[in-house]
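Asker: Got a sequence here, can you build the structure:
(chains A, B, C and D)
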Protein chains: 2
Amino acid sequence: MHENKYLAIYHDLVSRIRRGEWKAYDKLPSENELAVRYRTSRETIRKALNLLSEHGYIQKMKGKGSIVLDVGKYDFPVSGLVSFKELAQTMKQPVRTIVHELGVIKPDAELRQQLRAASKDEVWKVVRVREIGGERIILDKDFFLKKHVPLLTKEICEDSIYEYLETKRHLPISFAKKEMSVDEATEEDRRYLDLNGDDRVVVVKNYVYLNDATLFQYTESRHRLDKFRFVDFARRK
Amino acid sequence: MHENKYLAIYHDLVSRIRRGEWKAYDKLPSENELAVRYRTSRETIRKALNLLSEHGYIQKMKGKGSIVLDVGKYDFPVSGLVSFKELAQTMKQPVRTIVHELGVIKPDAELRQQLRAASKDEVWKVVRVREIGGERIILDKDFFLKKHVPLLTKEICEDSIYEYLETKRHLPISFAKKEMSVDEATEEDRRYLDLNGDDRVVVVKNYVYLNDATLFQYTESRHRLDKFRFVDFARRK
DNA sequence: GAGTGGTCTAGACCACAAG
DNA sequence: TTGTGGTCTAGACCACTCG
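Answerer: This next block holds a predicted model:
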């Protein structure tokens, strides 16, 4: 596995910033200077710096230079498609995933409509509970078209389905839509989660599209109200 | 006013796609072909195509080419910085904004910290309630550094502060961070909103930064649980 | 005027897809 | 094998900031 030069430079700069080589509001070396240091061309440095900028590590200012931001700590990917495993890594609490259901089903009418599936299409259904600090906080229900994902095991589900799909199967995931609202808790929520008497949950619906613009995955994530937290970092065009 | 070459090409391609010169799933001419047509270099064409891709107009595929996506469906602005006025326009219900407070204050310690303000800085405080279908649903509290916004009137606040700042004052807004959680309702929430006995609200905290990386606006938006809704659209890198 | 980031060029080599 | 998009280079000119 060989990493692109501009990605290698990006990752090197990220780790240097995180290690505190430059503090917030410090100026980065100029693009010409960096090109010399990394023995590369300025355009390649610029690709790395643009990545840093898109991920909130630096702010570029024409005629002045690039300064390091103190928002670099929000290192989760710019909004959308955030997986539980990524979130878990940023938390101190011990986390655990319990797989309650894993199998292939025939989609009913509503699900068919949401996945734009034919009636003969088969669909993976996965129900998982996310435990944080010993409490059952999140109920995740995932639905995939089986033609896109032939194999899915309990082990994969306990780790990160999203990571598996991205790195192992190289599915051409293109974009995602997220919808959030607060809904009445269902019987299922009460069974699987420690709701402490709450009668509502935060519902996050996630639609993942492949790059031919067909819907491939539908996920419903149901969170206990008091533990729900969502952060979004948006850069202006 | 002179437009960059790659921006001009981007806008030309957008209008051609919108006029139907290529339909959904058609292949765009190759980068080399486009470079010839526009009498420019391939790297400049690539900057234009990357913009098209980021804005959801095309999907690039290595070794194959770029296909045009179904434009009509995914044309809403990429997540973040969505104003109430925009949201309101997509709703059927009649909406109204009531300004409860509008003035300049001396920030207390907590607010100073959040705005990174000096103790002598003055701060605009605006408290507004958003009424939808006759019910008071959202409580908005905005804080701006006065040095950035000399004038703010009741009329501006009843329309859209965000639009005013963007179009009239041309502030160099760079990026925004959004945090969402569910909090206990305060006495203020109960006074200003029709909570129907609810003891919690969805709290959206919005931090808006200028492009010198200084925080310029802090907004706290407090929503009734049952009316809260948030949509986010994220394109993969 | 010196230094910065933003744009643009003309070429090169690569990995990938498809006939 | 041919054509595609992805990366990389070494140079150029520009607009901007600041002393």
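
Asker: how about the strands in chain A?
Answerer: Assigned by DSSP state E, the strands in chain A fall at A:58-61, A:65-68, A:95-105, A:123-132, A:135-145, A:173-184, A:200-210, A:215-224, A:229-235.

Asker: what's the least confident stretch among the ones you listed?
Answerer: If these are sorted by mean pLDDT, strand A:229-235 sits at the bottom with a mean of 67.

Asker: near DNA strand C, which residues of chain A show up?
Answerer: Chain A has residues A:28, A:30-33, A:42-43, A:46, A:49, A:60-66 near DNA strand C, with proximity defined as CB under 7 Å from any atom of the strand. Bear in mind the C-beta positions are built from the backbone N, C-alpha and C, glycine included.

Asker: make it 10 Å
Answerer: Contact residues, chain A versus DNA strand C (CB under 10 Å from any atom of the strand): A:2, A:4, A:27-35, A:41-43, A:45-46, A:49-50, A:53, A:58-67, A:170, A:172.

Asker: How about A:D226: what's its closest non-neighbour residue?
Answerer: Spatial nearest neighbour of A:D226, excluding adjacent residues (CB to CB, 6 or more residues apart in numbering or on different chains): B:V182 at 6.5 Å.

Asker: swap in A:T44?
Answerer: Counting by CB to CB, 6+ apart, the residue nearest A:T44 is A:Y6, at 5.1 Å.

Asker: ditto for A:L225
Answerer: Using CB to CB, 6+ apart and skipping the chain neighbours, the partner closest in space to A:L225 is B:V182 (4.4 Å).

Asker: hang on, the earlier thing: mind checking which of the residues of chain A next to DNA strand C are buried?
Answerer: Those of the residues of chain A next to DNA strand C that meet the buried threshold are A:L28, A:E31, A:L34, A:A35, A:I45, A:L49, A:S53, A:I58, A:Q59, A:K60, A:S66, A:I67, by 16 or more other CB atoms under 10 Å in any protein chain shown.

Asker: Need the max-distance pair from these.
Answerer: Pairwise distances among those were taken by CB to CB; the largest, 19.9 Å, belongs to A:A35 and A:Q59.

Asker: Give me the domain ranges for chain A.
Answerer: Listed by automatic domain parsing, the domain ranges of chain A are A:2-68, A:74-231.

Asker: List the contacts of A:R224.
Answerer: Residues touching A:R224, when contacts are defined by CB atoms under 8 Å, 6 or more residues apart in numbering or on different chains, comprise A:E135, A:I137, A:I138, A:L193, A:D194, A:L195, A:N196, A:D198, A:V201, A:V202.

Asker: go on, A:T40?
Answerer: Here A:T40 is in contact with A:K5, A:I9 (CB under 8 Å, 6+ apart).

Asker: Distance check, it against A:E31.
Answerer: Distance, A:T40 to A:E31, using CB to CB, to the nearest Å: 11 Å.

Asker: Need the residues touching each of the two.
Answerer: The contact lists of A:T40 and A:E31 share no entry, where a contact means CB under 8 Å, 6+ apart.

Asker: Which one of the strands of chain A lies nearest to DNA strand D?
Answerer: strand A:58-61 (6.7 Å; CB to the nearest atom of the strand).

Asker: And the closest one, what does it pack against?
Answerer: Contacting strand A:58-61 under the criterion 3 or more CB pairs under 8 Å, 6 or more residues apart in numbering or on different chains; DSSP states H and E are the following elements: helix A:42-54, strand A:65-68.

Asker: The ones you listed: lowest mean pLDDT?
Answerer: In terms of mean pLDDT, the lowest-scoring of those is strand A:65-68 (a mean of 87).

Asker: So that one, near chain B or not?
Answerer: Yes: using CB under 8 Å from any CB of the partner chain, strand A:65-68 reaches chain B at A:I67.

Asker: name the helices or strands packed onto that strand?
Answerer: Applying 3+ CB pairs under 8 Å, 6+ apart, one finds that strand A:65-68 makes contact with helix A:42-54, strand A:58-61.

Asker: Ok, which of the ones you listed comes nearest B:L13?
Answerer: helix A:42-54 (21.1 Å).

Asker: hmm, back to that, with distance to B:V126 added, can I get the domains of chain A in a markdown table?
Answerer: Formatted as a markdown table, those follow (distance: least, CB to CB, whole Å):
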| stretch | distance to B:V126 |
| --- | --- |
| domain A:2-68 | 27 |
| domain A:74-231 | 24 |
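
Asker: Nearest to B:E155 among these would be which one?
Answerer: Closest of those to B:E155 is domain A:74-231, at 32.0 Å (criterion: CB to CB).

Asker: Establish whether that closest one and DNA strand D are in contact.
Answerer: No: for a cut-off given as CB under 10 Å from any atom of the strand, domain A:74-231 has no contacts with DNA strand D; the smallest distance is 11.0 Å.

Asker: how far out from the middle of the chain is that domain?
Answerer: 11 Å (CA atoms, centre = their mean, to the nearest Å).

Asker: wait, the residue nearest to A:T44 sits on A:R42?
Answerer: No: under the criterion of CB atoms under 8 Å, A:Y6 makes no contact with A:R42, lying 11.5 Å away.

Asker: Next, count neighbours for A:R130.
Answerer: By the measure other CB atoms under 10 Å in any protein chain shown, the count of residues near A:R130 is 22.

Asker: Name the nearest residue to it, sequence neighbours excluded.
Answerer: Leaving out its chain neighbours, the residue that sits closest to A:R130 by CB to CB, 6+ apart is A:I138, at 3.8 Å.

Asker: what is that neighbour paired to in the beta sheet?
Answerer: The partner list for A:I138 in beta bridges (DSSP bridges) reads A:R130, A:H223.

Asker: cool, and A:I67?
Answerer: Applying DSSP bridges to A:I67 yields these beta-bridge partners: A:K27, A:Q59.

Asker: To what extent is the closest residue to A:P94 other than its chain neighbours buried, counted in neighbours?
Answerer: The shortest distance from A:P94 to any non-neighbouring residue, by CB to CB, 6+ apart, is to A:G133 (6.5 Å). Using other CB under 10 Å, A:G133 has 12 other residues around it.

Asker: Got the phi and psi for A:G133?
Answerer: Its backbone dihedrals place A:G133 at phi 60, psi 40, with angles given as degrees, to the nearest 10.

Asker: Let me know the pLDDT of it.
Answerer: As summarised for this prediction, A:G133 has a pLDDT of 74.

Asker: next one: A:Q114
Answerer: In the predicted model, A:Q114 carries a pLDDT score of 69.

Asker: Next: A:V82.
Answerer: Per-residue confidence for A:V82 comes out at a pLDDT of 44.

Asker: just A:T90 next, same as before
Answerer: Model confidence at A:T90, expressed as pLDDT, equals 53.

Asker: Could you pull up the contacting residues of the nearest residue to A:Y25 once chain neighbours are set aside?
Answerer: Closest residue in space to A:Y25, ignoring its immediate chain neighbours: A:I67 at 5.7 Å, by CB to CB, 6+ apart. Under the criterion of CB under 8 Å, 6+ apart, the contact list for A:I67 reads A:Y25, A:D26, A:K27, A:L28, A:I58, A:Q59, A:M61, B:A213.
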